[in-house]
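K.L.:
sequence-free structure coming up:
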């Protein structure tokens, strides 16, 4: 019996090890190292999920591929499914393996980045969506609210029931800002329309997100927008034969008849610029909150059902944002209860946008505590 | 309005509960034979991905369901080998299989992300039944897998409580030594029921990737395997209770979203907690009666059986 027990322990250990190899190293893409290795520059990426989410991490991974294609001297290395608790170990490992630049693409990696950056002063750390910096570390994000506003115009001009559904993950400023920008776009072209919000309290559960979208569809919504990590809501819209606005990456492949357009991240150009700056010695630790003019955020190509009239309107508004003369949160803006929040001629500062915790007029639903 | 609301909540509760029901029915059979299987989450994931791959490749969702069954069964085979033949710790083996299934499904599914399923399983329109007011829209306007689960749960109940084979199954789970002495092959039946459990978990996973969503996304089971394990306890190892429990567990989200849409504020954290709260409540109730056995917990659950140690 005892001998069997030992054998069993060994077998189980083997199985666990196999599982970790598959999960942990599934995506580690290390390009073959050639003679010109000295010329190459290693760049590491730490992902919270996997490119298989068809959403957030997928978009970052597209950026990584863009970086490799455009800068032939770069070889990249990725570590997927890194939990916040494990981030410090992974970042240290990537620094030890000779990566010159390391991108950490989740909010929760912020403190680990600052800690590891202190130990490796020669490595540049770039952290997505945080707010801390160090001599060799900074953060970056994009003004996704700008294309969200444009997608609101598309939705506002498309809806016939004047009810638009919005499947939202968590009531945090980033999501609230997106809902507000979207609603401002909707109301700019269709003051009758309302945007109804349902909170899912999950980033990643395609079935549950789809369920939330169905509830909005039952309530009479005929366009579904979303702030989630998966295309679950798009699937619901497609099944009912109505429309939707995707998020993170172009979701038209998932639901070709439903997706009007998608609000997309386009990290590639920024990744190229950042790595080039490091290579040329021009990099500094100024935080980066990129705009649509920088190309880091945009709208995906329109679906075939979008009319020329809508396209023209969006193009015009896009021009206005790109020119820099006007931005989404310029007044007058009224809060949900009708109170004037931003007077005409005024605008929200970046700090005010980053801590937004109120809805604009036209949003139906409430922000849970 | 009110009756529409109730119908909509109940109909979604059934759909949302179906993957839980399949997985829980499988787990009931495995646990009835005395083997705890904590690999359900992994088996559901492997079922979801393999079913999706085959359904995309062949265009036939039913082939996908069959593949998912086989894949879940194969995973369960590993569990049976480790826990029945090798007498390994059932908890450790199950957890290892969940980790393994998560990784394996992610690995296999990589090329299939973002691919739409051309032919998902569609709703079956049952003549007469589907047209009954109220009952029809709640129960009979679903796809074939839901309808099949309506038959499966009572069938398994009948099998467990009313047939000789079911009696043997319960005996193996209660007291394998006694069952062995009466000529029941403990090893063979444990293998059989664990594999059957894995097959049903595979169908539960395939239900998500072929019907509910339908698409493959990494880790899309999102913890439903664990809820299924809790559901088995909630159901006191009884397939009919599992049916009720699955629809309650599945309906919690549907109800929460619909209340939000009506601007009724219910804490989402409270709703998320409910399935586990129910399970803990049932556990407290049944242990107060001082015997888990009376309500169905198999006496030898979690214990390896060794003929030499009788």
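P.N.:
Here it is on my side, so go on. If you're wondering where the values come from, they're calculated on a predicted model, not measured in any experiment.

K.L.:
Poorly predicted segments of the stretch 201-310 of chain B, please.
P.N.:
Filtered on pLDDT under 70, the stretch 201-310 of chain B yields the residue ranges B:287-296, B:310.

K.L.:
which residues touch stretch A:182-194?
P.N.:
A:148-157, A:159, A:162-164, A:166, A:195, A:225, A:245, A:313, A:317, A:328-329, A:333, A:359-364 (Cβ atoms under 8 Å, 6 or more residues apart in numbering or on different chains). Any C-beta I mention is one placed from the backbone N, CA and C, and that applies to glycine too.

K.L.:
Show me where the chain has its helices.
P.N.:
Assuming you mean chain A. When assigned using DSSP state H, the helices of chain A occupy the ranges A:2-25, A:56-70, A:87-96, A:110-119, A:145-158, A:173-189, A:206-218, A:232-240, A:268-280, A:308-322, A:350-354.

K.L.:
Please refer instead to chain B.
P.N.:
B:2-32, B:40-58, B:61-80, B:90-109, B:135-139, B:144-162, B:164-174, B:176-181, B:186-207, B:224-234, B:239-261, B:268-288, B:292-295.

K.L.:
what's the spacing between the fifth one and its chain's center?
P.N.:
Centre-to-centre, helix B:135-139 and its host chain are 22 Å apart (Cα atoms, centre = their mean, to the nearest Å).

K.L.:
same for it, what does it pack against?
P.N.:
Applying 3 or more Cβ pairs under 8 Å, 6 or more residues apart in numbering or on different chains; DSSP states H and E, we find helix B:135-139 packed against helix B:2-32.

K.L.:
who does the helix it packs on touch, helix- and strand-wise?
P.N.:
Against helix B:2-32 (3+ Cβ pairs under 8 Å, 6+ apart) you get helix A:206-218, helix B:40-58, helix B:135-139, helix B:144-162, helix B:164-174, helix B:186-207, helix B:224-234, helix B:239-261.

K.L.:
average model confidence for it?
P.N.:
Model confidence over helix B:2-32, given as mean pLDDT, is 93.

K.L.:
Looking at the stretch 51-200 of chain B, which residue is nearest chain A?
P.N.:
residue B:103 (3.2 Å; Cβ to the nearest Cβ).

K.L.:
For that residue, grab the count of nearby residues.
P.N.:
22 (other Cβ atoms under 10 Å in any protein chain shown).

K.L.:
likewise residue B:242?
P.N.:
The tally of other residues near residue B:242 (other Cβ under 10 Å) stands at 29.

K.L.:
Kindly report the residues of the stretch 251-369 of chain A close to chain B.
P.N.:
Residues of the stretch 251-369 of chain A found near chain B (Cβ under 8 Å from any Cβ of the partner chain) are A:253, A:254, A:255, A:256, A:364, A:365, A:366, A:368.

K.L.:
Please convert the buried members of these into PyMOL selection syntax.
P.N.:
Selection command for PyMOL covering only the buried members of these, criterion 16 or more other Cβ atoms under 10 Å in any protein chain shown:
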select buried, chain A and resi 254+255+364+365
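
K.L.:
Which ones among the residues of the stretch 251-369 of chain A next to chain B lie within strands?
P.N.:
If you go by DSSP state E, those have residue A:364 in strands.
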